[in-house]
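Asker: Just to be clear, the model below is a prediction. Sequence and coordinates:
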Amino acid sequence: MAEAEAPLDVIGTGSYLPARWSETYATADIIEYDGQKRVKVGREFLLRK
């Protein structure tokens, strides 16, 4: 995402902070797109109430 210059508000890394971003293997969850709440099945808990 950093290399693609994606607009991000927050990056959650848990307790792992990589020394080099190219060595980071992670997934991302989109929770909102263009003002509309959107999550994949099983990730509904991510929606803000």
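Answerer: Here it is on my side, so go on. Being a predicted model, the structure only gives us computed values, none of them experimental.
Asker: going forward, measure contacts between C-alpha atoms and count neighbours the same way
Answerer: Will do.
Asker: in this protein, what spans have low per-residue confidence?
Answerer: 13-17, 23-26 (pLDDT under 70).
Asker: What degree of burial does residue 38 show, as a neighbour count?
Answerer: 16 (other C-alpha atoms under 10 Å).
Asker: So the spatially most central residue of the chain: helix, strand or coil?
Answerer: Nearest to the geometric centre of the chain sits residue 28, at 3.5 Å (C-alpha atoms, centre = their mean). Following DSSP: H, G, I helix; E, B strand; the rest coil, we place residue 28 in the coil state.
Asker: and if you look at residue 22?
Answerer: helix.
Asker: how near is it to residue 8?
Answerer: Distance of residue 22 to residue 8, given as C-alpha to C-alpha, to the nearest Å: 17 Å.
Asker: Next: residue 47.
Answerer: From residue 47 to residue 8 the distance is 17 Å (C-alpha to C-alpha).
Asker: Pick out whichever of those two has more residues nearby.
Answerer: residue 47 (11 against 8).
Asker: ok, now which ones touch that one?
Answerer: Neighbour list for residue 47: 31, 37, 39 [criterion: C-alpha atoms under 8 Å, 6 or more residues apart in numbering].
Asker: Over to residue 7?
Answerer: Counting by C-alpha under 8 Å, 6+ apart, there are no residues that residue 7 touches.
Asker: Which element, helix or strand, includes it?
Answerer: According to DSSP states H and E, residue 7 maps onto no helix or strand at all.
Asker: Can you list phi and psi of it for me?
Answerer: Here is the backbone geometry of residue 7 (degrees, to the nearest 10): phi -70, psi 120.
Asker: And it, how far from residue 32?
Answerer: 12 Å.
Asker: tally of neighbours for residue 37?
Answerer: The burial count for residue 37: 13, using other C-alpha under 10 Å.
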